[in-house]
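1. Make a model of this:
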Amino acid sequence: MSKRIISVLLALWLSAGGLFGISAQAKEAVPKKDCCPIVFVHGMGGWGDGAPINGIMPHWGMTAGSVKSYLNGQGYECYAASVGPISSAWDRACELYAQITGARVDYGAAHAAAHNHDRYGEDYGKPLVPGWNAKDRKLHLIGHSFGGATARLFAQLCEKGSVAERAATPAGELSPLFSGNLNGRIASITTLGAPHNGSTASEPNVGGINVFATVFKAMMVMGEIVSLQGVIIPFRLGHFGISFKSFWRAPWKVVSTYKNFIDGSDNVFSDTNIDGAAALNKTIQCLPGITYFSYAAQMSHDDGKGNQVPNDGMSFLFKSASKAMGLKREPYRTAGGILIGDEWLPNDGLVNVISALYPFNEPHKTYDAKNLKTGIWQVMPMIENWDHFDFGGGQSIGGAEGVMEFYLALAQMLEGI
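-> Numbers count the residues shown, from 1 in each chain. Presented below is the predicted three-dimensional model:
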């Protein structure tokens, strides 16, 4: 690591109690053998264990190497879930439960009817996390980007279940996820660059283009039609009738189904625009037995004219979106009445800093290692000069070693809960 990088890391450690809020000595700590399992939950377009691409380039670590393997080598029990990369938070939460427990996906009778898709999906067969329980096998959930909303909704369903699903489901058919009897099984939720309150990258008023929708459509075509039944990234849209096999049997029908899916409300795009995120947040609350942590990153700066422009080193994937998100404009209100002003301009290339800090409707406080509280967001020190990709291993600061240091420090913090 260069002297410049080392000096930056030391400065951050001294000023913020550790690069990411952890003691500089934590790296040498020995993990406890009974530390709760850690489950990584990817965001839009991501993947995890079981996805063919994961063996070539792990989502968690990417070019830096496998974060999961690194932490496993340090004594931590880690798993990387693989849920629908462009599915809604609800569908992803149902898939996360089925994967963790080794069950068949049940999207719920009420939800499936409301969104006109099959109630059941993939049967995972083997549990991702053996022995998950509320006594000594609670989970630490780490969600990147839209994985944050997925983890939050999953925890909500575990604790409270679903009144609508209980009312709509025939006797004996109810998924345990909707029962409200899985309380106490989540120890913590950590979000990394999560669009808790949506992203202006999904707003038509920003740059005249809906960035998420554009990426969304491109990934659907690439993932379902080109990837030969998920050779690259499995999109898990079979419950909508969208698959490689169905495309070749009836291509125009599947294209029409794609359009209906995109234009509907049961997808990642709907849940990540400003109003959609606000609607989702109304169904989720901070739960008293769970410790919450949120990390936000900023990879933009003021250009002297009031605009936020990308820093040098931002991934080319995000520069156009970052410029559009950071362009100073007259404040405006979304269709749902949410005011978007200058406070929304700083960003990590895809998510606004203000959105990544905490959900607007939930309690929060600045992180204090000596005063952790459950049922409230501990807002971690801002990570400067990291873009949205770097949480996965983009390596803007510290290189591969910096990525691993981040996740080791995070695992050690969770170990202490």
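
2. Quickly note the distance from Arg119 to Arg104.
-> Distance, Arg119 to Arg104, by C-beta to C-beta, to the nearest Å: 10 Å. Yep, even glycine has a C-beta here, placed from its N, CA and C like the rest.

3. And the two? Which one has more around it.
-> The residue with more neighbours, out of Arg119 and Arg104, is Arg119; 17 against 13, by other C-beta atoms under 10 Å.

4. State the pLDDT value of the nearest residue to the more buried one once chain neighbours are set aside.
-> The shortest distance from Arg119 to any non-neighbouring residue, by C-beta to C-beta, 6 or more residues apart in numbering, is to Ala112 (4.0 Å). On the pLDDT scale, Ala112 is placed at 98.

5. next one: the one 3 residues further on
-> Reported pLDDT at His115 in the predicted model: 96.

6. Run through the residues that contact it.
-> Shown in contact with His115 (C-beta atoms under 8 Å, 6 or more residues apart in numbering): Gly264, Ser265, Asp266.

7. one more time with 7 Å
-> Neighbour list for His115: Gly264, Asp266 [criterion: C-beta atoms under 7 Å, 6 or more residues apart in numbering].

8. And it, how far from Ala164?
-> 12 Å.

9. my guess is Asp49 contacts Asn72, does it?
-> No. In this structure, Asp49 is not within contact of Asn72 by C-beta atoms under 7 Å, at 12.0 Å.

10. who has more neighbours, the two?
-> Asp49 (17 against 14).

11. Could you report the neighbour count for Gly61?
-> Look at Gly61: counted by other C-beta under 10 Å, it has 22 neighbours.

12. go on, Leu174?
-> If you count neighbours by other C-beta under 10 Å, Leu174 ends up with 18.

13. Could you double-check that it sits in contact with Arg166?
-> Yes. Under the criterion of C-beta under 7 Å, Leu174 makes contact with Arg166 at 6.4 Å.

14. any idea whether Ala98 is helix, strand or coil?
-> Classification of Ala98 using DSSP: H, G, I helix; E, B strand; the rest coil returns helix.

15. Quick one: neighbours of it, just the number.
-> Count around Ala98 with other C-beta under 10 Å applied: 25.

16. same thing with Asn371?
-> 9.

17. next SSE after whichever strand or helix holds His140?
-> Counting by DSSP states H and E, the element that carries His140 is strand 139-144. Beyond strand 139-144 on the C-terminal side, the first helix or strand identified by DSSP H and E is helix 147-160.

18. And that next one, what does it pack against?
-> Contact partners of helix 147-160 among helices and strands, from 3 or more C-beta pairs under 7 Å, 6 or more residues apart in numbering; DSSP states H and E: strand 38-41, helix 89-101, strand 139-144, strand 186-192.

19. Return the most buried member of those.
-> The highest mean neighbour count among those, using mean count of other C-beta atoms under 10 Å, belongs to strand 38-41: a mean of 28.

20. Show residues contacting it.
-> By C-beta under 7 Å, 6+ apart, strand 38-41 touches 48, 60, 68, 76-81, 96, 100, 129, 139-143, 147, 150-151, 411, 414.

21. Give the pairing partners of it; include direction for each.
-> Strand 38-41 has its sheet partners listed here by DSSP bridges as strand 78-80 (parallel), strand 139-144 (parallel).

22. Pull the residues that contact stretch 121-134.
-> By C-beta under 7 Å, 6+ apart, the list of residues contacting stretch 121-134 from outside reads 37, 39, 49, 79, 81, 95, 98-105, 107, 137, 139, 184-185, 236, 238-239.

23. List the buried residues of it.
-> Across stretch 121-134, burial judged by 16 or more other C-beta atoms under 10 Å covers Gly121, Glu122, Tyr124, Leu128, Val129, Trp132.

24. So the fourth one: helix, strand or coil?
-> Taking three-state DSSP as the rule, one finds Leu128 in the coil state.

25. Could you do the first one as well?
-> Secondary structure assignment for Gly121 (three-state DSSP): strand.

26. Quick one: end-to-end length of stretch 342-354, please.
-> 10 Å (C-alpha to C-alpha, to the nearest Å).

27. So what's the gap between it and the chain middle?
-> Its chain's C-alpha centre and that of stretch 342-354 lie 17 Å apart, by C-alpha atoms, centre = their mean, to the nearest Å.

28. what do you get for stretch 315-335?
-> 21 Å.
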